[in-house]
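Novice: Just need the structure, nothing else, for what follows:
(chains A, B, C and D)
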Protein chains: 2
Amino acid sequence: MSEERARERGEQPSGRVDEARMAAWQVFLGAHAAIIARIERDLAAAGVIPLTWYDVLIELYEAPDRRLRLHELADAVVLSRSGLTRLVDRLAAAGLLRREPDPADRRGAFAVLTAEGVRALGRAWPVYSRGIDRYFARDLNDEEARAITAALGRVRDAAREP
Amino acid sequence: MSEERARERGEQPSGRVDEARMAAWQVFLGAHAAIIARIERDLAAAGVIPLTWYDVLIELYEAPDRRLRLHELADAVVLSRSGLTRLVDRLAAAGLLRREPDPADRRGAFAVLTAEGVRALGRAWPVYSRGIDRYFARDLNDEEARAITAALGRVRDAAREP
DNA sequence: CCACAACAGTTGCTATTACAACTACATGCA
DNA sequence: TGCATGTAGTTGTAATAGCAACTGTTGTGG
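Specialist: Prediction:
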């Protein structure tokens, strides 16, 4: 893609970061830190599972048969392999999922959501969704929500390849 | 603020999170995780200071006299008090800042940026800014950058009060 | 002016995470 | 077939973060 064409479309010619985009970066970081801190506090105060657990369980919940291979899970939640191993240990110890060997590949295992895991999701969701609303969604107008989804979706997909 | 007035302005009537805003939330989380992971990797590969160190040092760099009280620093970088104490320990051990007692309040101390700290910032910045460009700024058009700054700035300020 | 609450920072402890090394299995290509 | 290379997951170790408890200092209402 040429720089002229990028400029025509209002994109940043690559190389340096202009002030407007730098400002966007700073509020992006600041907003993330502030919102996550608040939501985590609310979850802990309500005695439900923390955000990292929620992320893993919801990923399983949405997967076919409510199960995923561990490496798929690691990719989905942006966690190292070893980090995921231990997170799965804790979740299994809490009874929210179980490991199940993959008959088709004896190296690997599935993480499978349990009924208890579904219940934990159900208890956390009201608190979590209230947090998303209070600390994030409530302050966006429709156009901003659309712009964020489009822009950050593109950004995420581009940043996600390594 | 009444819900009707919120609706008129295209804001979300509070309570539940609609699908468009839920999508925005998900890409927001995903983009953050992916970008930060990439930038941290680049910084480590280049042998410069990590993002948390950068955050602290840049905050001092921009402060009057390049110094801040530790609690101001803790607020600025969204870190617990104990977390900051130890981060400052490490930065001081690396010679990038020093502690200095506050003559006006003997409970507290300043963190003061050193010349070595300024150099560390200077070495990290090219790597960091290239990351911001590559993984974030480059994919935003002007309108999106404006929308993100306005929207997330509001969100951050609202989420920041505890 | 003085007891008492609030604040600044540190420390002990624990939890979570990543990196690197390791085991076990799978796959490709010669 | 058989060995080399790659992949899946676990484990040892170390770094970083938070909470709660503690010390020392400030400031305030009675």
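
Novice: Counting by contacts, list what the host helix or strand of A:Leu87 packs against.
Specialist: Using DSSP states H and E, A:Leu87 sits in helix A:81-93. The elements that helix A:81-93 packs onto, with contact taken as 3 or more C-beta pairs under 8 Å, 6 or more residues apart in numbering or on different chains; DSSP states H and E, are helix A:51-61, helix A:70-77, strand A:97-101. Bear in mind the C-beta positions are built from the backbone N, C-alpha and C, glycine included.

Novice: Same list (those) but as CSV, adding distance to A:Ala159, mean neighbour count and mean pLDDT.
Specialist: Output for the helices and strands packed on helix A:81-93, formatted as CSV (distance: least, C-beta to C-beta, whole Å; neighbours: other C-beta atoms under 10 Å in any protein chain shown; pLDDT from 0 to 100):
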stretch, distance to A:Ala159, mean neighbour count, mean pLDDT
helix A:51-61, 18, 20, 97
helix A:70-77, 13, 17, 94
strand A:97-101, 28, 15, 97
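
Novice: Which among those is found nearest to B:Trp53?
Specialist: Set against B:Trp53 and scored by C-beta to C-beta, the helices and strands packed on helix A:81-93 come closest in helix A:51-61, at 23.8 Å.

Novice: quick one: the closest one near DNA strand C?
Specialist: Yes. Using C-beta under 7 Å from any atom of the strand, helix A:51-61 reaches DNA strand C at A:Thr52.

Novice: coming back round to it: from the rest of the structure, what touches the helix holding A:Leu87?
Specialist: A:52-53, A:56-57, A:70-71, A:73-74, A:77, A:79, A:97-99, A:111, A:117 (C-beta atoms under 8 Å, 6 or more residues apart in numbering or on different chains).

Novice: Write out the residues of chain A neighbouring DNA strand C.
Specialist: Residues of chain A lying near DNA strand C (C-beta under 7 Å from any atom of the strand): A:50, A:52, A:78-84, A:86-87, A:90, A:105-107.

Novice: go with 6 Å
Specialist: Proximity of chain A to DNA strand C (C-beta under 6 Å from any atom of the strand) is limited to residues A:52, A:79-80, A:82-83, A:86-87, A:90, A:105-107.

Novice: from those, which single one is nearest B:Ala46?
Specialist: Once C-beta to C-beta is applied, the member of the residues of chain A next to DNA strand C that ends up nearest B:Ala46 is A:Ser80, at 20.4 Å.
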